[in-house]
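A.B. asks: mind folding the following:
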Amino acid sequence: MLIAVLAPFAAAGFAPLLVRLLGDRAGLVLAIVPAATFVWLLSRLPEATPGVLEATPWVPGLDVALDFSLDGLSLIFALLISGIGTLIVLYAGGYLKGHPMLGRFFLFLMMFMGAMQGVVLSDNVITLFVFWELTSLASYLLVGFESDRPAARRAALQALLITGSGGLALLAGLVMLAEAGGSWRISDLTGAGAWIQDDPLYRPILILVVLGCFTKSAQWPFHSWLPGAMQAPTPVSAYLHSATMVKAGVYLLARLDPALGGSPEWLWILTGIGGLTMLMGVVFALLETDLKLVLAWTTVSALGTLVFLLGPTHEPGVKAAMAFLLVHALYKGALFMAAGNVDHEAGTRDLTRLGGLMRTMPVTFAAAAVACVSMAGLPFGLGWVAKELIGAAKIALEDEFGITVIAATLTNLMLFCVAAIVATVPFTGRTSEAAAHAHEAPWPMLAGPVMLAALGLVFGMAPNLIAEPLIAAATTAVIGRKATLEIVLFKAFDWKFLLTLATFVAGAALFLLWRRSAAGWRASLNPVLDRGPDRGYDQVMRGLAALAAWQTRIWQPGLLHRYMAASFAVVTLAGAASLTRGEMRLNLDFDGGRLIEWAVFAVTAASALVAALATTRLLAVTALGMLGLGVAMIFMLFGAPDLAITQFMVETLVVVILALVLIRLPGFRLSAGGARPRWLYAGISAGTGALVTLLLLGVLAEPFDPRLSEWFGRAAVPEAFGHNIVNVILVDFRALDTLGEIIVVFAAALAALAAIGIGARTRA
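C.D. replies: Numbering: from 1, shown residues only. Down below sits the predicted model:
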């Protein structure tokens, strides 16, 4: 499993080189990676129901490992990611043929694929989160691939900020979940559901995890990023919406269902928000004229349906969710690629400018029509099977959630209408001007939609090919007990069958009404619907910019003394808080000290006081020099002459350098800001000094462990060939620390030189 996750990342590294060597044919080579993964996953079908665990240590000290799990749930997702990923890589080679950045595109795409495989196969909380965030980063790069367009940049940033914010909530929720469940392995957590739900932190955990999943899977009110992601090239849209990132939240909800599901909070949140998103998405789809946006809004609706079905945590709902997951991936992948073919060959996706494409693009039309059979839930398509399972789940919900069941029924008939729009409007009727010069897409762009549409038809007529090995196995992984499924087509001519037929008739009637009234609907509803979460996102972004500007004015005014005061204040408060939490012994046993020691201490303290109260810069520099010399004398008195000599040299050089630049510095404004800031800074300084003093007294009160000091004394000559132990420690045993300090000083010198150069050019 580790190889299955890492292989796409390795392919991503070689993608630019392959494109440089093979050009557009690089996609044929890169497609081997997901294809091989798909074949390997198929070979593990018999092992999926019991589940397979695999662990590779990563950070053993922190109990972080590359734990992977392959069960029915992870298998169905991994098959979709690798199988559809193979077709997307082939499709992208044709769609972006001749693109100057094709190598970069394949790099981002393969990285995205590997991250998604990591999400669905990870069995460790931290590992899953790392891959989760990688999907957000990779999707940002893919959505903003055409970075010369402002709309693409905005959409990429919107997707990153919304999903990234949810990721922060998810991280907190996962850490709390691991603490409550006593393990960082997801397979252990799913077996500790009763324990976790009895924990006082259960509700915060649930809210945080659900927030992360809802932002990722575009649930209301976090759905606005998903239609915006249509700014990405069509291969990205097809992959994003069919098999990958938008399903990550659904996956995690299903994965954590045994740990968090079954409570009233879980039921009401998922069923309510899922039902609202389900209905809202399909309504918005009816108002769009951009073919990709129509499909995008139906994806929002489909994600709401999946969340809605996972809410009750019962077997019929989970079976329906797993079946619909597979159905949606097949028809949505096919339809997005078909929409890409239309855009690529006809030059537009605007439904008002399309018509008659079935004459010039017959293969694309056939694939789209067959995919729409599944989308509409018509007989002989896999959508019919999913519709029957969803119907069974709705019956189980009807007593308690009648409103949501009505919403699901309305969604079905409107989804039928949308399927009719997608299948007929661009392809039938009079040939439009845009369709007149179109021609059929090349074979790499046809392989994907044709194969996915055909699979929807094959599995629709023989659903038991996937019933047990995929749907039932995934259901078993979610509910934690053995699930079985045998699908019988057209079981009985009963009221449920009549209700399905009534849905089809109502959907067809709605389609006819849409053809006559769609323009009026858009004119009436769009001004109202535009005041939704997308506008809210813009307002939040403006608010964040204003908050950042205010914060910058307060905390980053360009004054070094404010930065130092803030840093010392935080350190002092944090240190004081930590000291109050435990018992601390202080060594107050003084032997009185020698007169010279008290004299040096008095001179040093007086120098510090003079430096703080100096009214001229020359006096302040002189006092600081005296302070440094006093510290050097302390080193000398306590037996560290080498340190004292170094301190003498440094202080002398600093005083000389400061004296040389005094004439170029601005006026010395000690009282800037008034008396209050001066007393504040004095208090911070006194607090910091008191904290350091207490810490030193506490350290002196602890028993001294001489082992390290004795080891340095023994190892200095044989290991480092030096008799000066201090020098040996600095340049051998702590060489990297010393190197880091040198780099810091060097960087500061470069910054000073740059500042001097800028000042000289400004004056010139």
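A.B. asks: ok, the nearest residue to Thr348 once chain neighbours are set aside to Arg154 distance?
C.D. replies: Spatial nearest neighbour of Thr348, excluding adjacent residues (C-beta to C-beta, 6 or more residues apart in numbering): Ala434 at 5.0 Å. For the C-beta atoms, the positions are set from N, CA and C on the backbone; glycine is no exception. Distance, Ala434 to Arg154, using C-beta to C-beta, to the nearest Å: 27 Å.
A.B. asks: repeat that for Met636.
C.D. replies: For Met636 relative to Arg154 (C-beta to C-beta), the value is 64 Å.
A.B. asks: looking at Ala434 and Arg154, which one has more neighbours?
C.D. replies: Set side by side, Ala434 and Arg154 show more neighbours around Ala434, with 20 against 17, by other C-beta atoms under 10 Å.
A.B. asks: next up, the contacts around the more buried one.
C.D. replies: Contact analysis of Ala434 by C-beta atoms under 8 Å, 6 or more residues apart in numbering lists Ala346, Gly347, Thr348, Arg353, Leu354.
A.B. asks: quick one: buried ones out of those residues?
C.D. replies: Ala346, Thr348, Leu354 (16 or more other C-beta atoms under 10 Å).
A.B. asks: spit out the contact partners of the last one.
C.D. replies: Yep, that's Leu354 we're talking about. Leu291, Val342, Ala346, Thr348, Val425, Pro426, Ser432, Ala434, Ala435.
A.B. asks: wait, the first one sits on Arg349?
C.D. replies: Yes: using C-beta atoms under 8 Å as the test, Leu291 is close enough to Arg349 to be in contact (4.2 Å).
A.B. asks: so for the two, which residues contact both of them?
C.D. replies: Ala339, Val342, Asp343.
A.B. asks: roughly how far does the closest residue in space to the first one that isn't next to it in sequence sit from Ala473?
C.D. replies: Distances taken as C-beta to C-beta, 6+ apart put Leu291 closest to Ala339, at 4.6 Å, once the chain neighbours are dropped. Relative to Ala473, Leu291 is positioned 35 Å away (C-beta to C-beta).
A.B. asks: likewise Ala434?
C.D. replies: In terms of C-beta to C-beta, Ala434 sits 45 Å off from Ala473.
A.B. asks: on that earlier part again, phi first, then psi, for the residue nearest to Ala339.
C.D. replies: Main-chain torsions, Leu291, degrees, to the nearest 10: phi -60, psi -40.
A.B. asks: list the contacts for it?
C.D. replies: Ala339, Val342, Asp343, Arg349, Asp350, Leu351, Leu354, Val422, Pro426.
A.B. asks: burial count for the second one?
C.D. replies: In this case it means Val342. Val342: 27 neighbours (other C-beta under 10 Å).
A.B. asks: now name the helix or strand holding it.
C.D. replies: Val342 belongs to helix 315-346 when elements are defined using DSSP states H and E.
A.B. asks: for the next helix or strand after that helix, packing partners?
C.D. replies: Once the chain leaves helix 315-346, the next helix or strand it forms, by DSSP H and E, is helix 357-360. Judged by 3 or more C-beta pairs under 8 Å, 6 or more residues apart in numbering; DSSP states H and E, helix 357-360 is in contact with helix 315-346, helix 362-376, helix 433-436.
A.B. asks: got the CA coordinates for the second one in PDB?
C.D. replies: This points to helix 362-376. As requested, the backbone C-alpha atoms of helix 362-376 are provided in PDB (Å, rounded to 0.1, in the frame of the first residue of the first chain):
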ATOM      1  CA  PRO A 362     -21.800  11.500 -32.300                       C
ATOM      2  CA  VAL A 363     -19.500   9.600 -30.000                       C
ATOM      3  CA  THR A 364     -19.500  12.300 -27.400                       C
ATOM      4  CA  PHE A 365     -23.200  12.600 -27.700                       C
ATOM      5  CA  ALA A 366     -23.700   8.800 -27.200                       C
ATOM      6  CA  ALA A 367     -21.400   8.800 -24.100                       C
ATOM      7  CA  ALA A 368     -23.200  11.800 -22.600                       C
ATOM      8  CA  ALA A 369     -26.600  10.300 -23.300                       C
ATOM      9  CA  VAL A 370     -25.800   7.000 -21.700                       C
ATOM     10  CA  ALA A 371     -24.200   8.700 -18.700                       C
ATOM     11  CA  CYS A 372     -27.400  10.800 -18.300                       C
ATOM     12  CA  VAL A 373     -29.400   7.600 -18.100                       C
ATOM     13  CA  SER A 374     -27.600   6.800 -14.900                       C
ATOM     14  CA  MET A 375     -27.900  10.400 -13.700                       C
ATOM     15  CA  ALA A 376     -31.600  10.400 -14.200                       C
END
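A.B. asks: ok, and for that helix, which residues are buried?
C.D. replies: 363-376.
A.B. asks: the last one too?
C.D. replies: In terms of neighbour count (16+ other C-beta under 10 Å), helix 433-436 has its buried residues at Ala434, Ala435.
A.B. asks: where are the low-confidence patches of the stretch 451-600 of the chain?
C.D. replies: 490-496, 524-534, 582-584, 587-593 (pLDDT under 70).
A.B. asks: where along the stretch 651-764 of the chain do the helices fall?
C.D. replies: 675-701, 707-720, 725-728, 735-763 (DSSP state H, counting those that start in this stretch).
A.B. asks: point out the other helices and strands that the third one packs with.
C.D. replies: By that I understand helix 725-728. Going by 3+ C-beta pairs under 8 Å, 6+ apart, helix 725-728 lies up against helix 641-661, helix 707-720.
A.B. asks: out of the ones you listed, deepest packed?
C.D. replies: Compared across the helices and strands packed on helix 725-728, helix 641-661 shows the largest average neighbour count, a mean of 14 (mean count of other C-beta atoms under 10 Å).
A.B. asks: now do that helix: everything it contacts.
C.D. replies: Outside helix 641-661, the residues touching it (C-beta under 8 Å, 6+ apart) are 618, 621-622, 624-625, 628-629, 631-633, 635-636, 724, 726-727.
A.B. asks: please pick the buried ones from those.
C.D. replies: Val621, Thr622, Leu624, Gly625, Gly628, Leu629, Val631, Ala632, Met633, Phe635, Met636.
A.B. asks: next up, the contacts around the last one.
C.D. replies: Just to be clear, that refers to Met636. Counted by C-beta under 8 Å, 6+ apart, Met636 has contacts Ala644.
A.B. asks: now do the helix or strand hosting it and helix 641-661, the angle between them.
C.D. replies: Here Met636 sits within helix 617-637, counting by DSSP H and E. Inter-element angle recorded for helix 617-637 and helix 641-661: 170 degrees (by axes from the mean of the first three to the mean of the last three C-alpha atoms, to 10 degrees).
A.B. asks: going forward, count from 164.
C.D. replies: Sure, I'll start numbering at 164, so the last one becomes helix 780-800.
A.B. asks: would you mind checking the average pLDDT for helix 780-800?
C.D. replies: Helix 780-800 carries an average pLDDT of 86.
A.B. asks: using PDB, write down the CA coordinates of that helix.
C.D. replies: Provided in PDB are the C-alpha atoms of helix 780-800 (Å, rounded to 0.1, in the frame of the first residue of the first chain):
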ATOM      1  CA  ARG A 780      22.600  58.500  22.700                       C
ATOM      2  CA  LEU A 781      26.300  58.900  23.600                       C
ATOM      3  CA  LEU A 782      25.500  58.300  27.300                       C
ATOM      4  CA  ALA A 783      23.400  55.300  26.400                       C
ATOM      5  CA  VAL A 784      26.200  53.700  24.300                       C
ATOM      6  CA  THR A 785      28.800  54.400  27.000                       C
ATOM      7  CA  ALA A 786      26.500  52.900  29.700                       C
ATOM      8  CA  LEU A 787      25.900  49.800  27.600                       C
ATOM      9  CA  GLY A 788      29.600  49.400  27.100                       C
ATOM     10  CA  MET A 789      30.200  49.600  30.800                       C
ATOM     11  CA  LEU A 790      27.400  47.000  31.300                       C
ATOM     12  CA  GLY A 791      29.200  44.600  28.900                       C
ATOM     13  CA  LEU A 792      32.500  45.100  30.600                       C
ATOM     14  CA  GLY A 793      30.900  44.400  34.000                       C
ATOM     15  CA  VAL A 794      29.600  41.100  32.600                       C
ATOM     16  CA  ALA A 795      33.100  40.300  31.400                       C
ATOM     17  CA  MET A 796      34.500  41.000  34.800                       C
ATOM     18  CA  ILE A 797      31.900  38.600  36.300                       C
ATOM     19  CA  PHE A 798      33.200  35.900  33.900                       C
ATOM     20  CA  MET A 799      36.700  36.600  35.000                       C
ATOM     21  CA  LEU A 800      35.900  36.400  38.700                       C
END
